[in-house]
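**Q** Predicted model follows, preceded by the sequence.
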Amino acid sequence: MVPTRELLPTAEPLSLLRKDGSPVEDSPLAMPDDDVLLELHRRMVVGRRFDTQATALTKQGRLAVYPSSRGQEACEVGAVLALREQDWLFPTYRDCVALVTRGVDSAETLTLLQGGWHLGYDPYVHRVGPQCTPLATNTLHAVGFAHAARLKGEDTAALVLVGDGATSEGDTHEALNFAGVWKAPVVFLVQNNGYAISVPMSKQNAAPSLAHKGIGYGVPSVLVDGNDVAAVYAVVKEAVEAGGPTLIEALTYRIEAHTNADDATRYRTSDEVAAWLDRDPVDRIEAYLTARGLLTPERRAAVAAEAEEFAAGVRAALNTDHEHDPMSLFEHVYATPTRHLREQAALLAEELA
Ligand SMILES: Cc1ncc(C[n+]2csc(CCOP(=O)(O)OP(=O)(O)O)c2C)c(N)n1
């Protein structure tokens, strides 16, 4: 039997960098190498610029909806860069920054949110499952996938991203249970950003932390500072290398509203948002790298220029109109369309004729 303490998270979140960027001397985590830290920083800056660009495109009507992950870049980037090439990512609607970090084309990432097509990218190219909007469904995809890969003799881990609210769904618990039973190589990363739309954590959870829930399934659990990219990278890398299931709760905050269709001022105060802006994940790694002389003014300027170029590419792609055949709405859902779908397709064809 695994000793209880090996399954439980630490009382305080693990970290490598304090909010001012100074290093935590007695951290049990291994500080990533300098080149990794610089890459984490670069991808966070580009990811944030992508995110602000996508939010702007909703205001211009070029994007139907966008769930921003501003403030959560350390989770999105740290976790993805900790994956090996052969590993798979199972994201939610919130995780566009994780997708572009994994290499998915930015315009293809936004196709679904633009309302252009069911899915804009080929999941096999970068080993990224479809972004799931039905909460927690991706947890089951990840466990099934990782278990199947192991049965096939493949060395593949699955990283599944979920929000705090998704941990209240039955699917998450079924997935954790089977991950524990099968010892499937799945890393569950819960980005605890404090809210499920307007519902705060206090109305979702009575446990000491979300990470505590792993013990009931025999799944080792980790609590980490989700605004510390070095720490997120370190814990996800360790979990991938461990080869079995791990539940990681990363404490972070969603700076923007739930989506552009939400008014967050109705359920949270500006003081609360300001307190989290003070814990900004990009500022933190920048402060550390600058103090160590690794982030020179030249490199900083080059990264900023790259981010601007990336955003320009997103604008150009999203400002291009594509022709979509309305009849394609009925494709790729069922191998054999149901009677209702056939009837609806016939009605639409008649209307379009
Ligand atoms: C099964 C299901 N129930 C309800 C919803 C509606 N819904 C969309 S997002 C959301 C809140 C999710 O919060 P959380 O899991 O914390 O993720 P976040 O949006 O904060 O990233 C809800 C309830 C849904 N998408 N799927």
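**A** That came through, no problem. Numbers count the residues shown, from 1 in each chain.
**Q** What about Asn177, how many residues nearby?
**A** By other Cβ atoms under 10 Å, the residues close to Asn177 number 15. Heads up, the C-betas are built off the backbone N, CA and C, glycines and all.
**Q** Check what pLDDT it gets.
**A** Asn177 is assigned a predicted lDDT (pLDDT) of 98.
**Q** do Val333 as well
**A** pLDDT recorded at Val333 is 79.
**Q** I'd guess Thr10 is in a helix, am I close?
**A** No - when classified by DSSP: H, G, I helix; E, B strand; the rest coil, Thr10 is found to be coil rather than part of a helix.
**Q** Isn't it up against Ser221?
**A** No - counting by Cβ atoms under 8 Å, Thr10 stays clear of Ser221, with 9.5 Å between them.
**Q** Just want to know which of the two has more residues nearby.
**A** Legend: neighbour count by other Cβ under 10 Å for Thr10 and Ser221, higher for Ser221 (25 against 14).
**Q** bridging residues for the more buried one?
**A** Beta-bridge pairing of Ser221 under DSSP bridges involves Leu247.
**Q** Make residue 1 into 14 and carry on from there
**A** Sounds good: first residue 14 from here, last item Ser234.
**Q** Distance check, it against Ala192.
**A** Remark: distance between Ser234 and Ala192 (Cβ to Cβ, to the nearest Å) = 12 Å.
**Q** Give me the distance between the two termini of stretch 299-312.
**A** This stretch, stretch 299-312, spans 11 Å end to end (Cα to Cα, to the nearest Å).
**Q** Excluding covalently adjacent residues, which one is nearest to Asp296?
**A** Excluding its sequence neighbours, the residue lying closest to Asp296 (Cβ to Cβ, 6 or more residues apart in numbering) is Gly34, at 7.4 Å.
**Q** and Thr265, how many residues sit next to it?
**A** Other residues close to Thr265 by other Cβ under 10 Å number 28.
**Q** Contact partners for the residue nearest to Asp296?
**A** Asp296, Arg297, Ile298, Glu299, Ala300, Tyr301, Thr303, Ala304 (Cβ atoms under 8 Å, 6 or more residues apart in numbering).
**Q** Put the buried members of those into a PyMOL selection.
**A** Burial among the contacts of Gly34 is assessed by 16 or more other Cβ atoms under 10 Å; the matching PyMOL selection reads:
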select buried, resi 297+298+299+300+301+303
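**Q** And the contacts of Gly34, which two are furthest apart?
**A** Using Cβ to Cβ, the pair of the contacts of Gly34 lying farthest apart is Asp296 and Ala304, separated by 12.3 Å.
**Q** Quick one: name the residues of the stretch 64-213 of the chain near the ligand.
**A** Arg107, Thr146, Pro147, Leu148, Gly176, Asp177, Gly178, Ala179, Asn206, Tyr208, Ala209, Ile210 (Cβ under 6 Å from any ligand atom).
**Q** and the third one, that one's in a strand?
**A** The reference is to Pro147. No - under the criterion used here (three-state DSSP), Pro147 is coil, not part of a strand.
**Q** mind putting the residues of the stretch 64-213 of the chain next to the ligand in a markdown table, pLDDT and neighbour count included?
**A** Shown next, in a markdown table, are these (pLDDT from 0 to 100; neighbours: other Cβ atoms under 10 Å):
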| residue | pLDDT | neighbour count |
| --- | --- | --- |
| Arg107 | 98 | 24 |
| Thr146 | 95 | 12 |
| Pro147 | 97 | 11 |
| Leu148 | 98 | 19 |
| Gly176 | 98 | 25 |
| Asp177 | 98 | 22 |
| Gly178 | 98 | 21 |
| Ala179 | 98 | 25 |
| Asn206 | 98 | 24 |
| Tyr208 | 98 | 22 |
| Ala209 | 98 | 18 |
| Ile210 | 98 | 12 |
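**Q** Show me how the chain divides into domains.
**A** Annotated domains of the chain cover 17-335, 339-365 [the TED database].
**Q** rank these by pLDDT, which is bottom?
**A** Among the domains of the chain, domain 339-365 has the lowest mean pLDDT, at a mean of 92.
**Q** Show me the helices in this protein, by range?
**A** Secondary structure of the chain (DSSP state H): helices at 17-20, 47-72, 86-94, 109-115, 119-127, 136-139, 150-164, 183-195, 242-255, 283-290, 294-304, 310-331, 352-365.
**Q** What is the neighbour count of Val156?
**A** 28.
**Q** Next one: it relative to the ligand, how far apart?
**A** 17 Å (Cβ to the nearest ligand atom, to the nearest Å).
**Q** which ones are touching that residue?
**A** Ala171, Val173, Ala188, Phe191, Ala192, Trp195, Ala197, Val199, Pro258.
**Q** Can you get me a residue count around the residue lying closest to the third one once chain neighbours are set aside?
**A** By the measure of Cβ to Cβ, 6+ apart, the closest residue to Ala188 outside its immediate chain neighbours is Thr152, 3.5 Å from it. Close neighbours of Thr152, defined as other Cβ under 10 Å, add up to 28.
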